[in-house]
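A.B. asks: below is the structure, and that's it, no one-letter string:
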């Protein structure tokens, strides 16, 4: 059973048809939409500020979502994939975004829709990713524009696959 904990009178709220792995941790002021999946060893800590997630968000193995006390909440849109061991902290992620494995998105960053943050990239505090962009590197910089093919092949495919994968664990 996942560790789901109330903190300071606030407890996580889950949408319909979500999958939460047995060793995931979700605490405090966390609101999750429908068809989300929180995978093994993922941590979502809404203890110092709120975390809001839309529909079809997958938080992959070992990823961490947190925020900054009284300063920076975390808002995540719909159809977002947060890769293995990524850190998403006190930022805003719009719809249809892929955060690659091991990427770090710091406080007050804004990642607009239809974008990709490459594996291992580090978005420094206050960075702004324009819609339809690919950012890579340390510190992350725009390297490319997301094509229609890449959007369908990566952003859409991964989000949809994680709904399918989570179904394997619900029976």
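C.D. replies: Noted; the coordinates are in hand. Because the structure is predicted, anything quoted here is derived from the model rather than measured. Residues are numbered from 1 along each chain as shown.

A.B. asks: use CA for all of it now, contacts and neighbours both
C.D. replies: Noted.

A.B. asks: what's the longest helix in the protein?
C.D. replies: Ranked by residue count under DSSP state H, the longest helix found in the chain is helix 157-170.

A.B. asks: residues in contact with it?
C.D. replies: 19, 35-37, 56-58, 79-81 (C-alpha atoms under 8 Å, 6 or more residues apart in numbering).

A.B. asks: all the helices of this protein, residue numbers only.
C.D. replies: 148-150, 157-170.

A.B. asks: could the ones you listed go into TSV alongside distance to residue 11?
C.D. replies: What follows is the helices of the chain, written out as TSV (distance: least, C-alpha to C-alpha, whole Å):
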stretch	distance to residue 11
helix 148-150	37
helix 157-170	23
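
A.B. asks: return the most buried member of these.
C.D. replies: Most buried of the helices of the chain, by mean neighbour count (mean count of other C-alpha atoms under 10 Å): helix 157-170, with a mean of 15.

A.B. asks: may I see the ChimeraX selection of the buried members of the contacts of helix 157-170?
C.D. replies: Buried residues within these, by 16 or more other C-alpha atoms under 10 Å, are selected in ChimeraX with:
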select :19,35,36,37,56,57,58,79,80,81
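
A.B. asks: can you list the contacts of helix 157-170 in a markdown table and add distance to residue 111 and pLDDT?
C.D. replies: Converted to a markdown table, these look like this (distance: C-alpha to C-alpha, whole Å; pLDDT from 0 to 100):
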| residue | distance to residue 111 | pLDDT |
| --- | --- | --- |
| 19 | 25 | 97 |
| 35 | 22 | 97 |
| 36 | 19 | 98 |
| 37 | 21 | 98 |
| 56 | 17 | 98 |
| 57 | 15 | 98 |
| 58 | 16 | 98 |
| 79 | 13 | 97 |
| 80 | 11 | 98 |
| 81 | 13 | 98 |
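
A.B. asks: rank the helices of the chain by pLDDT, which is bottom?
C.D. replies: Confidence, taken as mean pLDDT, is least for helix 148-150 of those (a mean of 91).

A.B. asks: chain center to that helix: distance?
C.D. replies: 21 Å (C-alpha atoms, centre = their mean, to the nearest Å).

A.B. asks: what's it in contact with?
C.D. replies: Contacts for helix 148-150 (C-alpha under 8 Å, 6+ apart): none.
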